[in-house]
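> Predicted model follows, preceded by the sequence.
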Amino acid sequence: MSAPSASARRSIAPLVGNACAMALLVACAWWLGGLHDAEGWQAMPSTIRRQAAVAAVLAYAGLVAACLYRARARDRSARPAPRVPQDAIWVVHASQTGFAMELADLTAAALRKGGVSVQRAALERLDETRLAGITRALFVVSTTGEGDPPDPALGFVRRVMPLSLSLDNLQYAVLALGDREYDHFCAFGHQLDDWLRKHHAKPLFDLIEVDNADDSALRHWQHHIGQLGNGNEAPDWAPPRYGSWQLRHRVNLNPGSMGGPAFHLVLEPAEGALPSWTAGDIAEIGPRRAAGDVEEVLRRIDKPGNAKVRWQDEVQPLASVLARTRWPDLATMSTATDAQALADACTPLPHREYSIASLPADGGVHLLVRMMQRADGVPGLGSGWLCRYAQPGDAIALRIRRNPNFHPPSPHVPMILIGNGTGLAGLRAHLRARVQAGAARNWLLFGERQRAHDFFHGDELLAWQANGMLEHLDLAFSRDGSEHRYVQHALLARADRLRQWIAEGAVVYVCGSLAGMAPEVEAVLCSLLGEDHVDILRAEGRYRRDVY
C-alpha cells in the first residue's frame, strides 16, 4: 500500500493532535476524581452549574467541529479539479427516472471501447465556464410531464440557458428521450438542441428522438457514436430482429471512376410478402464476414465449422456464428475447450444503415452503396459484405427502420432536394414518391466527381426532367473542372431561385455526407436566408436532413 500524500498528512495531523489532547484531559479528570472520598467534595458545584458546564463543553466541541469542517471544505475547493483531456468527449445526462443516465453510461462505454477519452457529467453540474471549455459533447436528455425538463436539470435551465454564450468551439449531439403519447414529444431535447444551435454550437449529427426506449432509434444513436472512435465498435445494445432477405441484383454504377466503386443493389424477402415502408426510411443490415475468412480461422484453430452451438437462443453451425460475430484473439480462440465455448467468446457484429432508394411499388429494397476500404485495404464491414462477399441469391439479414424525421411532405408542397454521392439514394426514393403522386414542383441539386462515371441513375433523372416531373436539375461534378465544384456552390449560384421557392413554402431535404457537404450546405442556407430563418424552417419541419 502506498504512503499517504503530504496534503493528506497535513489534513490528518490536526485531528490526531486534538484527539490526543482530549484523551489526556479525560485521563487527568479520571485520576483527579479518584482522589476524592466516596462522600464527595464539600465544594461540589450544584446540579445546575454542572449542566451549564456540560453545555459549555458541548458548545465548544461543536464550534471546533464547525471550524474543522469549514477548513476542510476550503481545502477541497482549493484543490485543482481533475484534469480532463482536451480531446475528451463529454457525455452529459439529464434524467428523471434514471434511464437517461443508463444510456449515458452505455454511450460512455461504447466511446471508451472505440479509444475515445470520456468525461461523464450530469447536466446540472455544468456552468457557463465549464461548458465554454468543452469541444465535443453528447447530451442524453429526457422530457417529463408536458414537455418539461427533468427535475435535476432545472438549475441548468434557469441558471445557464438564459445566458448569451459563445459556443463556437463546441461540437455536440442530442439523444432526446420521450413518449409520443404526450403532446410535447421530446420537448426538452429539442429545446436544448435549439439553444445550442442558437449559440453557434455545431451538431455532430442531427438530434435523434427515442419513443419509449425504441431500440431502433437507440441503434441509430449507437451507429453515429461508433463513428466517433477508432472503428473498434461495441456490439449493438439491443440487436435488431432481422428478417431474411436475398440479394437479387447488384451492378457497379461507376466503373472507371476516380472514387470508390458504387453499387446499385436490389434485395427481396426470402419468403412472404414485401413489407411496407415510406420514402426516407432506413435499411438496417446485419453484415457477415467472407466465407473464406471463416474457413481460414477454423482451419487455424482446428475447430469443426459444422459443430452445433447455441447462439442468441438458436441452434446453428459454428461457422454461421463466426460469420456474424467479432472474434477474440487467435490465442483465445485456439484454447477454447469446445465449439460452444468459442461461440460464447464471440460478440455480434454491429449493424450498418443505408438509405432506401426505392418504394414498395418497385418490388424490393434498392440500395446505393459505395465500397469503403480501411487504411489497411480491408473492405468496410457493411459495404464489403454487400458489395463484394455476398453473391446473388445469398441470404441478407435486413430490417427496415422507420425514419419519420425524413418522411415526405405533402405532394402540393414544393420540394428542394440536395445531396452528394450515395446520398442520392434517399433523395431518389422521395423523387419516385413525388412522381407517383403527380407532384412536379421538384428541384434536385446533386454533386459527385465525374459526370462520365458518377452520374448515378442519370438516365432516370434526365427522363424526369424531360417529362416535367423534375422542374430543375443542378449538377456539380468536382473533378470535371466545372465552375461549381461542389453542390453547395451550385446552391449558392441559385440564390434567387432558393429565396423564391422558400417564399412559396418549399421544404429542403438534404441527404449525404455529414463530414463536408451537409455543414457547407447549411452555411450557404444561413448566408442566403439568415440563421434565424433557417432555425424557423427547422422548427417547422421544412428543413430536414439524413446525413452520415
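Nice, thanks for sending it over.
> shaky segments in the stretch 1-150 of the chain?
1-84 (pLDDT under 70).
> one more time with 50, if that's ok
Within the stretch 1-150 of the chain, the segments meeting pLDDT under 50 span 1-11, 38, 40-41, 75-81.
> Next SSE downstream of the longest strand along the chain?
Across the chain, the longest stretch assigned as strand under DSSP state E is strand 243-252. For strand 243-252, the following helix or strand on the C-terminal side (DSSP states H and E) is strand 262-269.
> Tell me which stretches of the stretch 51-200 of the chain form helices.
For the stretch 51-200 of the chain, the helices defined by DSSP state H, counting those that start in this stretch occupy 99-113, 128-132, 154-159, 187-198.
> same deal with the stretch 251-400 of the chain?
With DSSP H, counting those that start in this stretch as the criterion, the stretch 251-400 of the chain has helices at 291-301, 318-323, 330-335, 339-344, 381-384.
> Is residue 546 located within a strand, as I assumed?
Yes: looking at residue 546 with DSSP: H, G, I helix; E, B strand; the rest coil, it is inside a strand.
> Bridge partners for it, pull those for me.
Counting by DSSP bridges, residue 546 is bridged to residue 511.
> you'd agree it is up against residue 406?
Yes: at 4.5 Å, residue 546 counts as touching residue 406 under the criterion of C-beta atoms under 8 Å. Glycine gets a C-beta too; all of them are placed from N, C-alpha and C.
> more neighbours, the two?
Legend: neighbour count by other C-beta atoms under 10 Å for residue 546 and residue 406, higher for residue 546 (25 against 22).
> a markdown table for the helices of the stretch 251-400 of the chain, including mean pLDDT?
Output for the helices of the stretch 251-400 of the chain, formatted as a markdown table (pLDDT from 0 to 100):
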| stretch | mean pLDDT |
| --- | --- |
| helix 291-301 | 94 |
| helix 318-323 | 95 |
| helix 330-335 | 90 |
| helix 339-344 | 93 |
| helix 381-384 | 93 |
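> Adding distance to residue 92 and mean neighbour count as columns, could you present these in JSON lines?
Shown next, in JSON lines, are these (distance: least, C-beta to C-beta, whole Å; neighbours: other C-beta atoms under 10 Å):
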{"stretch": "helix 291-301", "distance to residue 92": "40", "mean neighbour count": "14"}
{"stretch": "helix 318-323", "distance to residue 92": "37", "mean neighbour count": "22"}
{"stretch": "helix 330-335", "distance to residue 92": "36", "mean neighbour count": "13"}
{"stretch": "helix 339-344", "distance to residue 92": "35", "mean neighbour count": "18"}
{"stretch": "helix 381-384", "distance to residue 92": "29", "mean neighbour count": "21"}
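> Now distance to residue 478 too, for the ones you listed, in TSV please.
TSV is the format used below for the helices of the stretch 251-400 of the chain (distance: least, C-beta to C-beta, whole Å):
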stretch	distance to residue 478
helix 291-301	35
helix 318-323	38
helix 330-335	43
helix 339-344	47
helix 381-384	22
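> before we move on, back to that, buried sites along the longest strand of the chain?
If you call a residue buried by 16 or more other C-beta atoms under 10 Å, then strand 243-252 has these buried ones: 243, 245, 246, 247, 250.
> got it, and stretch 271-278?
In stretch 271-278, counting by 16+ other C-beta under 10 Å, buried: 277, 278.
> Centre of the chain to it, how far?
Centroid displacement of stretch 271-278 relative to its chain, using C-alpha atoms, centre = their mean, to the nearest Å, is 29 Å.
> what comes into contact with that stretch?
Residues outside stretch 271-278 that contact it (C-beta atoms under 8 Å, 6 or more residues apart in numbering): 243-244, 268-269, 356, 359-360, 363-365, 400, 402, 407-408, 433.
> for the closest residue in space to residue 454 that isn't next to it in sequence, phi and psi?
Counting by C-beta to C-beta, 6 or more residues apart in numbering, residue 448 is the residue found nearest to residue 454 once chain neighbours are left out, at 3.8 Å. Main-chain dihedrals, residue 448, degrees, to the nearest 10: phi -160, psi -160.
> so who does residue 448 touch?
259, 420, 421, 454, 455, 456, 476, 477, 478.
> Neighbour count added to these, as CSV?
Below are these laid out as CSV (neighbours: other C-beta atoms under 10 Å):
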residue, neighbour count
259, 16
420, 26
421, 22
454, 25
455, 19
456, 21
476, 22
477, 21
478, 19
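> of those residues, closest to residue 428?
residue 456 (8.4 Å; C-beta to C-beta).
> Doesn't that closest one lie inside a helix?
No: under three-state DSSP, residue 456 falls outside any helix and is assigned coil.
> what's near enough to touch it?
Residue 456 neighbours (C-beta under 8 Å, 6+ apart): 253, 254, 262, 264, 368, 422, 424, 448.
> Wait, the second one touches residue 453, no?
Yes: in terms of C-beta under 8 Å, residue 254 counts as a neighbour of residue 453; the distance is 4.6 Å.
> so residue 514 touches residue 547, yeah?
Yes: the criterion here is C-beta under 8 Å, and residue 514 meets it with residue 547 at 4.1 Å.
> Now do the shared contacts for the two.
residue 205.
> on that earlier part again, from the contacts of residue 456, which single one is nearest residue 224?
The shortest approach to residue 224 among the contacts of residue 456 belongs to residue 422, at 17.2 Å (C-beta to C-beta).
> got a pLDDT number for the closest one?
Residue 422 is assigned 95 on the pLDDT scale.
> Residue 228 now?
Reported pLDDT for residue 228: 87.
> Count the residues that sit near it.
18.
> Next, give phi and psi for it.
Phi and psi for residue 228, reported as degrees, to the nearest 10, are phi -90, psi -10.
> Could you list which residues are in contact with residue 230?
Residue 230 makes contact with 114, 115, 116, according to C-beta under 8 Å, 6+ apart.
> gap between the two ends of stretch 111-122?
One end of stretch 111-122 sits 17 Å from the other (C-alpha to C-alpha, to the nearest Å).
> Give me the contact list for it.
So stretch 111-122 is in contact with 84-85, 87-95, 101, 104-105, 108, 152, 225-226, 228-234, going by C-beta under 8 Å, 6+ apart.
> of those, buried ones?
Applying 16+ other C-beta under 10 Å to the contacts of stretch 111-122 flags 88-95, 101, 104, 108, 152, 225-226, 228-229, 233-234 as buried.
> Which of these fall in strands?
Applying DSSP E to the buried ones among the contacts of stretch 111-122, the entries found in strands are 89, 90, 91, 92, 93, 94.
> Dump those residues into TSV; add distance to residue 286 as well.
Shown next, in TSV, are these (distance: C-beta to C-beta, whole Å):
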residue	distance to residue 286
89	27
90	32
91	27
92	31
93	30
94	33
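> Distance to residue 466 for the helices of the stretch 51-200 of the chain - can I get that in CSV?
What follows is the helices of the stretch 51-200 of the chain, written out as CSV (distance: least, C-beta to C-beta, whole Å):
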stretch, distance to residue 466
helix 99-113, 48
helix 128-132, 53
helix 154-159, 54
helix 187-198, 40
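> Of all these, which one comes closest to residue 393?
Comparing the helices of the stretch 51-200 of the chain by C-beta to C-beta, helix 99-113 comes nearest, at 35.0 Å.
> tilt between that closest one and strand 89-94?
Interaxial angle, helix 99-113 versus strand 89-94 (axes from the mean of the first three to the mean of the last three C-alpha atoms, to 10 degrees): 170 degrees.
> Sounds good, over and out.
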